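Undergrad: 3D model of this:
(3 chains)
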Amino acid sequence: MLLSPTPMHIPDGFLSVLVSIVLWIAAIGVITLAVRKLNQSLAEKDIPLMGVVAAAIFAGQMLNFTVVGGTSGHLLGAALATMLLGPWAAVIVMTTVVATQALIFQDGGLLALGGNIFNMAVIGVFVSYSVSQILRRFLGEDLKGILIRGFAAAWSSIFVASLAAALELALSGTSPANIAVPAMAGIHALIGLGEGAITLGALSFIYATRRDLLKIGPTHPTTSKGVILGGLGIAALLAILSPLASAYPDGLEWVAEQNGFLEAAQDSAYTIIPDYIFPGISNEAVATIAAGIAGVLIVAAISLVVARSQRQADPKV
Amino acid sequence: MSSAARLLDPYRAHSSLLHRLDARVKLALAVGFIFTTALIPPGGWPAFILLLTITTSGVLLSRLGLGYVLKRSLLALPFILSAVPLLFTSTGEAWISFPVPGTTAVISQAGVVRVTSIALKSWLSVQAAVLLAATTPIQDLLIALRSYHLPRLLAVTIALMWRYLFVMTDEALRLLRARTARSTRVPGQRAGGRLVWRARITGGMAGSLLLRSFERSEAIYHAMVSRGYDGEIRALPSAPLSATAIFATIASAFVLGGILMLGLLTGG
Amino acid sequence: MVKLNNSTSATPVIQIQDLRFSYPDGQPALQGITFSAMPGEKIALVGPNGAGKSTLILHLNGILSGEGLLEICGRQLDHKNLSQVRARVGLVFQSPDDQLFSPTVFEDVAYGPIYQGLSPAEVQSRVEAALAAVHMEPYIHRNSHHLSIGEKKRIAIATVLSMEPEILVLDEPSAGLDPRARRQLIELLQELPQTMIIATHDLALVRDILPRTLLLDQGRVVADGPTGVILSNSALVAEHGLA
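TA: Residues are numbered from 1 along each chain as shown, chains lettered A, B, ... in the order given. Below you'll find the predicted structure:
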């Protein structure tokens, strides 16, 4: 059963090491900030709340509805988490969900986890919060206002996060920007509609049953201006970069090539050494065959050892 | 019926070398492996082969079975579609060309090398992640992460989420089942309702799950406090790393380093 | 086997022969179930936990599918006619919270007819009829979350009645109800005309309103006959953990 709701959980191998590390640093930075804020403001009894809400969101991502034929829509939940818990707790909750999906279920890579956390738990949450809070000024606190804010927040969270993922793939040289950006943006503009509709349904249900949950949350009392600015900033940056990237892919290609140059540079530094120390290594075909033979021998040896130890263990039973 | 959700848990208890290895070491090895794999330039075939040797050896040593690991490791494969354009856009010697309305599509050798390398790296990395998850119970993983300075708040949240994950996924499955039972067709009518309506119903189900989580959390907190919870994840005090574990780590670092050099020499 | 029959037709609404099913992890759940039900029959499904009652119930509307013959209203279930056959079998699950996921009672009860593609007018009349059948008309615009468990169970039954099924299958309907709610539920079930199969531990309910009893244990039908005969057989009752 595939647990991934959207094509946004990037596996390992697709983001370059440089991009992965930068995103990890960014993710850790925001998480550290969130932890600090929550340690100040969170009541002890709200800590289990985040864990259980994370479980509910994880489980909620399994719910689906048929779109067309065999395709179905799912929930990501960043916007819902934000509207129920406030931005900082939502960052922790979504980080928990995304990290568990990667670590335990291999949904998204481990090196790429920094990027996935940044896209879904940071951008997703910040953008949801910004959109929701800004619209709050123009809309009432009645059901209609909440639903509009929820839909807009949900759609934006998906759309902007997908722009980020597309640019990250392009910067890594995995996917050309002029294809990745329009493709991701286009697909997620639609997926975002699904997220919006599901969020509408969830908010309607919660409004009808426990209205109080929508206003009260661990960090709801004070509006976090920093998050609003952060969310707006990210959205604006991506909104500007994305069309640029698609129209002038060379710019991004240049950066990607610098990335590749980094690796190629390391490569060239070592080309001096091999002929003297590792004769024959520079001949790739020979090296490949040698590696293949070595590999088979090693695996065979280990199989024998494992089989032998299993036979030794069995008589004792 | 409730066991359906438990099938999601990838941990398989065995008594193998890998299972016995300290979680902190396994975590470092898995991350180190994935990091090394990521650094190998495209076309580093000898390095990829040796990395595959490592994962295959790992699978054998863990007694998990090649079939099990293979099935889980193919999960990431669909994402390769995002890299397919590279076949056409990479600069280099042309390999295959075929006519396409309007122009000719050219697949370059460099493109094939790049896409294959990405697929291989991805596959290798997933195997390492599977080996880690399948041989390490989550409590041990969390303690290992805490020793690597994972914030307490995050560790506690993950632990609690895990505790209730199967309960909630079970409820999600029951919600889906109940909905299926009422999703019926009568001859002569187009069934299904409108798309937006279907999405909203799904939302209601999600809302129901979220509501239950809120209502549970207070009860959970009371139960935990009455059992002496004070906010820390504890287990029996971690034994200091054994000599074997330290040796394994250092030896692995050398092996990975060697493979990385090989990769840099033969790839790119 | 004696079968109480007050129907006009002779074709069974449910016909099962040698139904076998094992769960994906290999656990055998049904090991050759055979029985049939005539229109209008009220049948109790009893047996210890793990006997296969819930598994059997999930076969009746095709959520699970095993080997052997299973016909509903004369038609064998296959993946093509599954959702049509489901319209004939209304399954009421044990936990009403699993079936109530809309903001209002109206929307919950309306799910079935809306999915079927009926017009708004037909949906309205179906909902009103279903709520009338369970005596919950005043609750139509309420939110189900705030209701008592007895009220929720009746709404859950309504969500299924709105599909106008011929067969009603209920899983532990009286579980968790206080004596008054239980009494009300039993009276309600007596009023409903559909063919009924009720899986339950509540033997008093069985004696009260279900003339025929199917005793299951370890995935097999151990006894099938008049409730009075089966439940007064103390050896049978003791051996299969009914009391």
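Undergrad: close to chain A: what parts of chain C are there?
TA: Residues of chain C lying close to chain A (CB under 8 Å from any CB of the partner chain) are C:F101, C:S102, C:P103, C:T104, C:N143, C:H145, C:H146. Any C-beta I mention is one placed from the backbone N, CA and C, and that applies to glycine too.
Undergrad: name the element residue 150 belongs to?
TA: You didn't pick a chain, so chain A it is. Using DSSP states H and E, A:G150 sits within helix A:143-171.
Undergrad: was after chain C, sorry
TA: Element membership for C:G150 (DSSP H and E) is helix C:149-161.
Undergrad: residues near residue 84, how many?
TA: No chain in the question, so chain A it is. Neighbour count for A:L84, taken as other CB atoms under 10 Å in any protein chain shown: 29.
Undergrad: actually, chain B is the one I wanted.
TA: By the measure other CB under 10 Å, the count of residues near B:V84 is 14.
Undergrad: surely it is in contact with B:I118?
TA: No. Between B:V84 and B:I118 there is no contact under CB atoms under 8 Å: 10.0 Å.
Undergrad: show me what contacts B:P85?
TA: B:P85 sits next to A:S175, A:P176, A:I179, A:A180 when contact means CB atoms under 8 Å, 6 or more residues apart in numbering or on different chains.
Undergrad: over to it: give its phi and psi.
TA: Backbone torsions for B:P85, taken as degrees, to the nearest 10, come to phi -50, psi -30.
Undergrad: C:Q17 too?
TA: Torsion angles, degrees, to the nearest 10, at C:Q17: phi -130, psi 120.
Undergrad: bridging residues for it?
TA: Note on C:Q17: beta-bridge partners by DSSP bridges are C:L69.
Undergrad: got a pLDDT number for it?
TA: C:Q17 carries a pLDDT value of 91.
Undergrad: quick check: the gap between it and A:I123.
TA: Distance, C:Q17 to A:I123, by CB to CB, to the nearest Å: 58 Å.
Undergrad: quick one: A:L76 is in a strand?
TA: No. Under DSSP: H, G, I helix; E, B strand; the rest coil, A:L76 sits outside any strand and is assigned coil.
Undergrad: and it, how far is that from A:M62?
TA: 12 Å.
Undergrad: swap in C:Q76?
TA: Separation of C:Q76 from A:M62 (CB to CB): 31 Å.
Undergrad: could you do B:R198 as well?
TA: For B:R198 relative to A:M62 (CB to CB), the value is 16 Å.
Undergrad: with neighbour numbers in mind, choose between these two.
TA: Between B:R198 and A:M62, counting by other CB under 10 Å, B:R198 is the more crowded of the two (25 against 22).
Undergrad: helix or strand: which one has the more buried one?
TA: Using DSSP H and E, B:R198 maps to helix B:195-225.
Undergrad: by contact count, what packs against that helix?
TA: Helix B:195-225 makes packing contacts with helix A:46-60, strand A:65-68, helix A:78-85, helix A:177-209, helix B:152-182 when contacts are defined by 3 or more CB pairs under 8 Å, 6 or more residues apart in numbering or on different chains; DSSP states H and E.
Undergrad: next, count neighbours for whichever residue of the stretch 1-150 of chain A sits closest to chain B.
TA: Relative to chain B, the nearest point of the stretch 1-150 of chain A is A:G51 (2.5 Å; CB to the nearest CB). For A:G51, the neighbour count with other CB under 10 Å is 25.
Undergrad: kindly report the same for A:N39.
TA: Applying other CB under 10 Å, we find 11 residues neighbouring A:N39.
Undergrad: phi and psi next, for it.
TA: Dihedral angles of A:N39 (phi, psi; degrees, to the nearest 10) stand at phi -60, psi -30.
Undergrad: pLDDT wise, what is it at?
TA: Predicted confidence (pLDDT) at A:N39: the value is 87.
Undergrad: read off the pLDDT value for the residue lying farthest from the centre of chain B.
TA: Distance from the C-alpha centroid of chain B, by CA atoms, centre = their mean, peaks at B:G188 (45.5 Å). At B:G188, the model reports a pLDDT of 80.
Undergrad: so which residue is dead centre in chain C?
TA: In chain C, the residue lying closest to the centroid (CA atoms, centre = their mean) is C:V169, at 1.0 Å.
Undergrad: no more questions from me, cheers.
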